Each structure stands twice: as structure tokens, then as C-alpha cells.
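Asks: Dropping the sequence and predicted coords here.
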Amino acid sequence: MEEKILLANPPQIPHAVLRLIVNILTIGECSGRTFQQSLALIQHLSHIPDARDVVAQELKSKAQEFGQNLFSDLDELAAALQSSQGTILVTSVASKFSPASSEQAKLLRVLKTIDYMYSPKPATLSGPQRSEDTEKVQGIYESFRFTPLWQRLGDCLAVIEQKPDTEHVATVLLPLIEALMVVCKYVGSKAVSAGASRVLRASASPRSPATPRESMEDLFVTFTDAHRKALNLMVRNNPSLMSGSFSLLVHNPRVLDFDNKRNYFNQQLHRRPHMREHHGTIQLNVRRARVFEDSFQYLQRKTGDQIKYGKLSVRFYDEEGVDAGGVTREWFQILARQMFDPNNALFQPCAADKLTYQPNKNSWVNPEHLSFFKFVGRVIGKAIYDGRLLDAYFARSLYRQLLGKPVDYKDVEWVDPEYYNSLCWILENDPSALDLTFSVEADEVGFFGMGCNKYSNQSFSLEETVLCH
Amino acid sequence: MPLKEGGESLPVSQENKREFVQLSARYRLYSSIEKQIESLLAGFYEIIPKDLVTIVRLLYCFVYFI
């Protein structure tokens, strides 16, 4: 209400004065605190009609200006890097980029401000306004025509990657790389598939004219592909980058190395957005011979969140000992063994290796089988969440499904090599003579107990499986 | 069991064999054990958010705890 009354008579601030705000960000250094306060100030002023557009316009022209200056600075840097003069020249040129008052730091501040102004604030904007803002900010980013700048940046990084002694210079360019991530923010999720389809299209008809948006998608994919090494190094040295603009990198699954992906995954997994509710301890009392059933019975009454956030504390009946972690570790071990127990009929191993498992299609003989499968899923999740070893290996296709990826016919080879061979035969030959139809005989599917001989010496963990893709 | 609607009367030919291979594989790896897999996934996603898993496309069950 109060806001409405205030807005009915907004203060009159001349545009020329509004534009001055931007100077806080662009003259000299700007401490983190000052930056935060300026963002808040701009946010408040944005309630005045036109104010946001006026400020955005000013930010835009500043960004343009910094971009042009940086282009020639990068030229100089590229020349220094390529010259055989060695590190002295490079260091002196690179020093231009380091301070908080450097052009690239200013550019990043300006871009982050634009990003902040148009990012949806929780619970303030409705859907249509939100997408309108996204369109606006994308329009601003596209209007920069920064492509040559990013290309120049890429050139510098390419030289750096070939000269190990100049590796530190890559770190100096971090603000500019971050700036690139900011302007690519909305490219994100669509980038990879779009990039891939573009590749196909390009091979069909070379140089199909691209819209600014498409060329930004291309830019993101090509840049991140080309500079994987430097980007990974930066993330490794400074993992907190991934909670900011660098999180965009996960949209191009080829870029991040396994350790960096894992760190990001853990960072996100253990982030608790809601208030710290206390979930207490999960006190499990189980019989050693019946760990699987006892744990199932007890945990079935718990919610997912209780299991996820609760601290496990395990006791075996009739045994002394306080669980300082060791007993829980043992519990996971026994659990992994017992869930594959043939008497439960839940899983079937591949005949040869007895190491990789696939759900048993006849598991219904165990009337509670579906609740048990849910329990197994929770246990896998809990082991990951708590960073525990779960000595259980599943067929590759099950991992794919956990990752939300579609089934691939090649994965049949894991489960049933003979059937896989017949599928391959069909692909390589003309199947018309076989008189097949689009149907299967339900009983014919006896592929669980068979085969897998080819892989008898291999067991695959999720991480290996996923890294291969 | 038809692999698609009206599949019993649809012959597999040179033209549609890729689809047949894809559907057969899906049946073997998923449809025939759909309930089991979906139950397992439901439990798993209670602990590990699905969108995080699919975006990172990375999991590791087997971290040795030292």
C-alpha cells in the first residue's frame, strides 16, 4: 500500500543525474561493499518510471566503451605473448589488466549490474514481466557486438595454453572471462543442443546466416570447448567461481573435468536453501543377518528429507560399540551385499562377473518388491549424499536412467550380448526376410541371467560410466 | 507384446529397422522392468534432486571413505 502511495508521486530526478550513478562503478576502484550498495541503490531507484531504462542505457554505453578499449589492450597482450621476448614484456602488459580499476574489472562490474537489474527477484515479478526482462537483457547483450572481443580473448588464451610459463596470465584475464559468462547467461541450457544442431546445419549448407542469439550460442560452445584446459584450471584454483557466473559451464557437459564437476555437484547437493530444520539422528537397531529387512522396515516410516538430512547411527543387536562412523560404514557394506541376495529376488547379476546387477523382471515374487526398490534408491542416494562407499555395481543402462538419459541400444550388449548381436545383425543386413514384426514375446526376454562375458573383468562405477559420455 | 501400437501386424523392413532396434532395446532395458526402475528412481531422487543429477550428469556411488 505504502509503496503505491509513494509511486503515485515519484520523486523527479533528472536523467542526467540518474546517469551519474554509473560513475560509482566506472571511476577507479570499487570495493565489494560499495558495489553491493550501488546495486541496492539502483534497485531502489528502479521504481521511478523510466529510471531503470535510463541507467541501463548508460551502463550499456559504458560497457561498449570498455569493450572497445579492451580490444586494443588484448591486441597488445597477444603481441607480447607471441613475441619471443619472454615473460618480462608479458608481465608488464598484463599488469594493465590486474588492478581493480582496470578496464576489464570495470566492464565486469557494469555487466554484473545489468545482470542484477534484470534478474528476477524472488516473489516480486510475475511470469510475463519476468520473461519480458529476460528479453530486454538479452537484447542488451546482443547489441554489444562483442564477438571480436571474445575472439581476441580466445586468441590470447590459446597462446597462453601453449606456453606453460605464461599460465598465470590466464588468471589475470579472469574478470574478462567472467564477463563473457555473464553475457552468455541466457544462452545456457539451449546452447549445447543448439550448437550441435548448428554443426549439422553448417555441414549441410556452409555459413547459414545466424541471428545474434545463435551466434552467441555458438560463441559460448566454441569458447568453452576451446579453452577447457584454462577454464578447468581456474575453477580448480577457485571453486567458488562455480557458485557464480561460471556455473554456466555445466551447460556444456564437455567442458568441466571430472573433479570440477564433482565439486560443483557436492557444492550444490549440500547447499540448503531452506532454514536449517533439525532432522536429528536416525537411530537404527538391526540384526546383523537381517540388515536389509530391518533397515527397510525402519526407514520405510521416514520421509525422504528425514533420511537425507538425518545423521545415521547404527547399532547391531547384541553387540557393543558406539557408532563413530565405523559401524555405519559396515552397515552400508552389509546392505550392499544383502540387497543383491538372490533370496530377495530383486536383482540379477550378469552371469559371468556377478558384479553388475540389473533389476529382476520377476521380482514380483517378493510382494513388497516395489517398496524395496524405492528403498534401494534411497540407500544409493544416501550413500552419495554422505560420501559413503556403496559397494554395489549396476548395469550401465541403469546408470543412464539415473542420469535421466534415454536408453541406448548399445547398452543391450551389457545385459545380453547375444540379443545385442542380433540387433547389430539387423542394422547391418536387410531384415525383411526374417518376417519380424514390431513385437516381442513377453517370455522370450530371458536376458538377465545370460551373458555379459565380454565384460567379465570389468565393473563400472557411475563415475567411470558418466565420464565416458 | 507389441513394441508400438499395432506392432504385431507391422513387418520390420529395411526402412523402419532402426526404429525396431531402438524399441526392442528400450523394451529389454526399460519397459520390461519399468515398475522396478521407476520405484528405484523415485527413492533415489528423494535424496538427490533430479535436476541436479541431470544437469551435472555425474554421479559417483563409490567414493572410498578413508
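Replies: Received the coordinates, thanks.

Asks: CA atoms for contacts and neighbours, from now on please.
Replies: Noted.

Asks: Need the nearest residue in space to the spatially most central residue of chain A, chain neighbours excluded.
Replies: Taking CA atoms, centre = their mean as the criterion, residue A:250 is the residue nearest the geometric centre of chain A, at 3.3 Å. Closest residue in space to residue A:250, ignoring its immediate chain neighbours: residue B:56 at 6.2 Å, by CA to CA, 6 or more residues apart in numbering or on different chains.

Asks: Please give me every residue in contact with the one you found.
Replies: For residue B:56, the contacting residues are A:250, A:253, A:261, A:265, by CA atoms under 8 Å, 6 or more residues apart in numbering or on different chains.

Asks: Can you lay out the residues you listed as a markdown table showing secondary structure?
Replies: Listed next are the contacts of residue B:56 as a markdown table, based on DSSP: H, G, I helix; E, B strand; the rest coil:
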| residue | secondary structure |
| --- | --- |
| A:250 | helix |
| A:253 | coil |
| A:261 | helix |
| A:265 | helix |
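
Asks: ok, residue B:23 - contacts?
Replies: residue B:3.

Asks: and the gap between residue A:416 and chain B?
Replies: With distances defined as CA to the nearest CA, to the nearest Å, the gap from residue A:416 to chain B amounts to 9 Å.

Asks: Distance from stretch A:58-77 to the middle of the chain?
Replies: The chain centroid and the centroid of stretch A:58-77 are separated by 30 Å, computed with CA atoms, centre = their mean, to the nearest Å.

Asks: Could you list the low-pLDDT ranges of chain A?
Replies: The model of chain A has pLDDT under 70 over residues A:1-7, A:84-88, A:122-127, A:188-210, A:273-277, A:350-354, A:442-469.

Asks: can you tell me which helix in it is longest?
Replies: Taking DSSP state H as the criterion, chain A has its longest helix at helix A:51-82.

Asks: any idea which helix or strand comes after it?
Replies: Counting by DSSP states H and E, the element after helix A:51-82 in chain order, helix or strand, is helix A:87-94.

Asks: returning to what we had before: so which of the contacts of residue B:56 comes closest to residue B:3?
Replies: Set against residue B:3, the nearest of these by CA to CA is residue A:253 (32.3 Å).

Asks: Can you get me a residue count around that closest one?
Replies: Other residues near residue A:253 come to 17 when the count uses other CA atoms under 10 Å in any protein chain shown.

Asks: where does it sit relative to residue B:16, distance-wise?
Replies: 32 Å (CA to CA, to the nearest Å).

Asks: what's the answer for residue B:46, then?
Replies: 39 Å.

Asks: need the residues of the stretch 151-300 of chain A near chain B, please.
Replies: Residues of the stretch 151-300 of chain A lying close to chain B (CA under 8 Å from any CA of the partner chain) are A:250-251, A:253, A:261-262, A:265, A:268-269.

Asks: ChimeraX command to pick out the buried ones of the residues you listed?
Replies: The following ChimeraX selection, which keeps only the buried ones among those, applies the criterion 16 or more other CA atoms under 10 Å in any protein chain shown:
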select /A:250,251,253,261,262,265,269
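
Asks: any chance of the residues of the stretch 151-300 of chain A next to chain B in JSON lines, plus distance to residue B:51?
Replies: Listed next are those as JSON lines, based on distance: CA to CA, whole Å:
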{"residue": "A:250", "distance to residue B:51": "12"}
{"residue": "A:251", "distance to residue B:51": "12"}
{"residue": "A:253", "distance to residue B:51": "14"}
{"residue": "A:261", "distance to residue B:51": "15"}
{"residue": "A:262", "distance to residue B:51": "15"}
{"residue": "A:265", "distance to residue B:51": "11"}
{"residue": "A:268", "distance to residue B:51": "11"}
{"residue": "A:269", "distance to residue B:51": "11"}
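
Asks: Return the residues in contact with the residue most central in space within chain B.
Replies: Residue closest to the mean C-alpha point of chain B, counted by CA atoms, centre = their mean, is residue B:30 at 4.3 Å. If you count contacts by CA under 8 Å, 6+ apart, residue B:30 has them with A:407, B:37.

Asks: Could you report the neighbour count for the nearest residue to residue A:144 once chain neighbours are set aside?
Replies: Sequence neighbours aside, residue A:64 is the residue nearest to residue A:144 in space, at 6.2 Å (criterion: CA to CA, 6+ apart). Close neighbours of residue A:64, defined as other CA under 10 Å, add up to 17.

Asks: and the residue located most distally from the centre of chain A, backbone torsions?
Replies: The outermost residue of chain A, judged against the average C-alpha position, is residue A:433 (47.6 Å), by CA atoms, centre = their mean. Reported as degrees, to the nearest 10, the phi and psi values for residue A:433 are phi -70, psi -20.

Asks: Neighbour count: residue B:46 and residue B:16, which is higher?
Replies: Legend: neighbour count by other CA under 10 Å for residue B:46 and residue B:16, higher for residue B:46 (19 against 13).

Asks: surely the more buried one meets residue A:306?
Replies: No - at 10.1 Å, residue B:46 and residue A:306 do not qualify as touching, with contact defined as CA atoms under 8 Å.

Asks: Nearest spatial neighbour of residue 48, chain-adjacent residues omitted?
Replies: No chain specified, so I'll use chain A. Among residues not flanking residue A:48 along the chain, residue A:10 sits closest, at 6.0 Å (CA to CA, 6+ apart).

Asks: Chain B was what I was after
Replies: Setting aside the residues directly before and after it, residue B:48 is nearest to residue A:381 in space (CA to CA, 6+ apart), at 5.8 Å.

Asks: so that neighbour touches residue B:42, yeah?
Replies: No - if you go by CA under 8 Å, residue A:381 and residue B:42 don't touch, sitting 10.4 Å apart.

Asks: These two: which has the busier surroundings?
Replies: Each of residue A:381 and residue B:42 had its neighbours counted (other CA under 10 Å), and the higher figure belongs to residue A:381 (27 against 18).

Asks: How far off centre is the host helix or strand of the more buried one?
Replies: Secondary-structure assignment from DSSP H and E places residue A:381 in helix A:369-386. Its chain's C-alpha centre lies 23 Å from the corresponding centre of helix A:369-386 when counted by CA atoms, centre = their mean.

Asks: Show me what it is packed against.
Replies: Contact partners of helix A:369-386 among helices and strands, from 3 or more CA pairs under 8 Å, 6 or more residues apart in numbering or on different chains; DSSP states H and E: helix A:291-299, helix A:304-309, helix B:34-47.

Asks: number of nearby residues for residue A:429?
Replies: If you count neighbours by other CA under 10 Å, residue A:429 ends up with 11.

Asks: Show the contacting residues for it.
Replies: Not one residue lies near residue A:429 by CA under 8 Å, 6+ apart.

Asks: Can you tell me the closest non-neighbouring residue to residue 39?
Replies: Because you didn't say which chain, this covers chain A. For residue A:39, ignoring the flanking residues on the chain, the nearest one in space by CA to CA, 6+ apart is residue A:113 at 6.6 Å.

Asks: oops, chain B please
Replies: The spatially closest residue to residue B:39, leaving aside those adjacent along the chain, is residue A:374, at 4.7 Å (CA to CA, 6+ apart).

Asks: May I have the residues that are in contact with the one you found?
Replies: Applying CA under 8 Å, 6+ apart to residue A:374 gives the contacts B:39-44.

Asks: How about residue A:296?
Replies: For residue A:296, the residues meeting the contact criterion (CA under 8 Å, 6+ apart) are A:372, A:375.

Asks: Now with 10 Å, please.
Replies: Residues in contact with residue A:296, defined by CA atoms under 10 Å, 6 or more residues apart in numbering or on different chains, are A:290, A:371-372, A:374-376, A:379.

Asks: One more: residue A:31?
Replies: For residue A:31, the set of contacting residues under the criterion of CA under 10 Å, 6+ apart consists of A:25, A:37, A:100.

Asks: Also residue A:314?
Replies: Residues in contact with residue A:314 (CA under 10 Å, 6+ apart) are A:281-286, A:295, A:321-331.
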